[in-house]
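In: Build me a model from this:
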Amino acid sequence: MLRGFTLAAGAVLLAGLLTGATKKAPAKPTAKKVSSSTKKSSAKKTTKKRVVVAKPPVVSAKVKEASQEYVSGAMDAVAAAAIENSAALVPFYEQLWQMEQSKEKNLHVLQYGDSHTASDDWANQLRVLFQGRFGNGGAGYSIAGRPFAGYRRYDVKSGQSTRWETEGLLTKGSDGYYGLGGVSIAAQRAGETVYLDAEGQNVELSYLQQPGGGKFRVSIDGTETATISTDGPLGPGYWSMATPEGLKRFTVETLSHAPVRLLGWVTERNQGLTWETLGINGAQANLSLRWEENQLRELVAKRNPGLIVFAYGTNEASNRDWTPETYRAMFRGVLQRFRAMAPGASFLVVGPPDRAQRVNRAWVPVPKLDMISEAQRAVALEMGCAFWDLRERMGGSGAIQRWVYAGFAQGDFVHLTGAGYRLVGETLYKDLMAHYEEFRRIRQKVFGDSTGNNNDSKQN
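Out: Predicted coordinates for the structure are as follows:
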């Protein structure tokens, strides 16, 4: 049990954070200028973006400036009412509080999603801000190699030789053994390599152990460190070791003409927070239902996340097959599955951003986005998860046009620009921290002093 945190006290904190939990943030508050932190990246890009960026329409300087003021005003709305059912985040907030009291702790956040997450722009902004306050725990889990075009992590650099095959994408793979992020890479010949440049005090490589599996060699900065056989009963296998602090290159080389499948790396420090990006381009929430349950349960348990974020919905809005009933049932099943695997974690559902589609010569809202967003909200609240309505936070239906004009969204009226994603990450951090400060205030009132001891209460 967390120090100083009892069920009775937790109930008080829950009741306090429930106040105003169902209120919506104003869609169009007074506009403010965009802060300088959203104009530049928080970290240097390590790879070139290979996704084609649609050109936005040409607008006048006056329209662009007005649109920028609209966007920054919408995202600067009062944060205290922006997250519905914020009481669901109490266990996560308690762990954050514990980290502030003792720096010798770690906390892991897993963010699942579609291409908005896979770009790592807004996830990285959250990572930088959270690690700046609560400690840098390293990269945590990252997918092995370069499994698909556009895969990116700002906090590590990865690559692979040419003959690795990706398993787990929308049309690739069928057995479900894809690792924590739902994507793995496989090779069946000697001499294939994978590398990872990362910092940390500990490294772990997860792979698929399978009958007839091949061998691979692990090297660190060019020095051979271990030889691993993947032959064995079907399931996840692991190689790990402690390493000196500092940037290192980890390299894997296959040694035989036998199947080797790599799932992912963990590189982390002994204390601090990790924000682990697990997005797949084109993904819908039900993609995770294809992942083999036993191996996923084991991998989730090893990460022991304090918070799991789900950010889907953009691709579902283009899928004609979903009805309100079938989508709710599917989304409920996804949340139930992960909640069973991580019963101690808090859950945050991020609704899809606004988007538009071209009809004749006009850009109009995607009709199904309302249904998807409302279904996610209803299921999230039903399942005891927090919900952040990104579309409403952007300014509501039709706001994407202003985001495009402002330079915060791309010309496809679906994806945001780097500056736009960073603004989303900055805003979500602000909203989460507004609720966290309220949690701290109530916790102080319940327990007395900052250590969790109420000096005025009698000891039983």
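In: Send over whichever strand or helix holds residue 261 as CSV, restricted to the C-alpha atoms.
Out: Element membership of residue 261 [criterion: DSSP states H and E] is strand 260-268. Extracted in CSV, the C-alpha atoms of strand 260-268 (Å, rounded to 0.1, in the frame of the first residue of the first chain):
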residue,chain,number,x,y,z
VAL,A,260,14.3,-14.6,-34.6
ARG,A,261,11.6,-12.2,-33.5
LEU,A,262,12.4,-9.1,-31.5
LEU,A,263,9.6,-7.4,-29.5
GLY,A,264,11.2,-4.3,-27.9
TRP,A,265,13.7,-2.6,-25.7
VAL,A,266,13.5,-1.2,-22.2
THR,A,267,16.2,1.4,-21.4
GLU,A,268,15.7,3.2,-18.1
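In: Residue 107: what secondary structure?
Out: At residue 107 the chain is in strand, as set by DSSP: H, G, I helix; E, B strand; the rest coil.
In: ok now do it, which residues does it touch?
Out: 95, 96, 99, 134, 137, 272, 273, 274, 306 (Cβ atoms under 8 Å, 6 or more residues apart in numbering). Backbone N, C-alpha and C define where each C-beta goes, glycine included.
In: Mind checking which of these land in helices?
Out: The helices, defined by DSSP state H, take in 95, 96, 99, 134 from these.
In: Can you point out the buried residues in stretch 386-397?
Out: Neighbour-count burial for stretch 386-397, counted by 16 or more other Cβ atoms under 10 Å, picks out 386, 387, 388, 389, 390, 391, 392, 393, 394, 395, 397.
In: Just give me the closest of the contacts of residue 107 to residue 118.
Out: residue 274 (17.4 Å; Cβ to Cβ).
In: what bridges to the nearest residue to that closest one once chain neighbours are set aside?
Out: Among residues not flanking residue 274 along the chain, residue 140 sits closest, at 3.2 Å (Cβ to Cβ, 6 or more residues apart in numbering). When assigned by DSSP bridges, residue 140 has beta-bridge partners residue 267.
In: mind checking the SS state of residue 369?
Out: Classification of residue 369 using three-state DSSP returns helix.
In: I'd like the distance between it and residue 376.
Out: Computed as Cβ to Cβ, to the nearest Å, the residue 369 to residue 376 distance reads 11 Å.
In: between the two, who's got more neighbours?
Out: Neighbour totals were compared for residue 369 and residue 376, and residue 376 leads with 27 against 23 (other Cβ atoms under 10 Å).
In: can you pull the contacts of the more buried one?
Out: 312, 313, 331, 349, 351, 352, 387.
In: So for it, what pLDDT did the model give?
Out: At residue 376, the model reports a pLDDT of 98.
In: which element is it on?
Out: Secondary structure from DSSP H and E places residue 376 in helix 368-382.
In: mean confidence for the next helix-or-strand element following that helix?
Out: Sequence-wise, the next helix or strand downstream of helix 368-382 (DSSP H and E) is strand 386-388. The average pLDDT within strand 386-388 is 98.
In: roughly how far is strand 386-388 from the heart of the chain?
Out: 14 Å (Cα atoms, centre = their mean, to the nearest Å).
In: Give the residues shared as contacts by residue 369 and residue 376.
Out: With Cβ under 8 Å, 6+ apart as the test, residue 369 and residue 376 both reach 313, 352.
In: What about the contacts of residue 107, which one has the most neighbours?
Out: Sorting those by how many neighbours each has (other Cβ under 10 Å) puts residue 274 first, at 29 neighbours.
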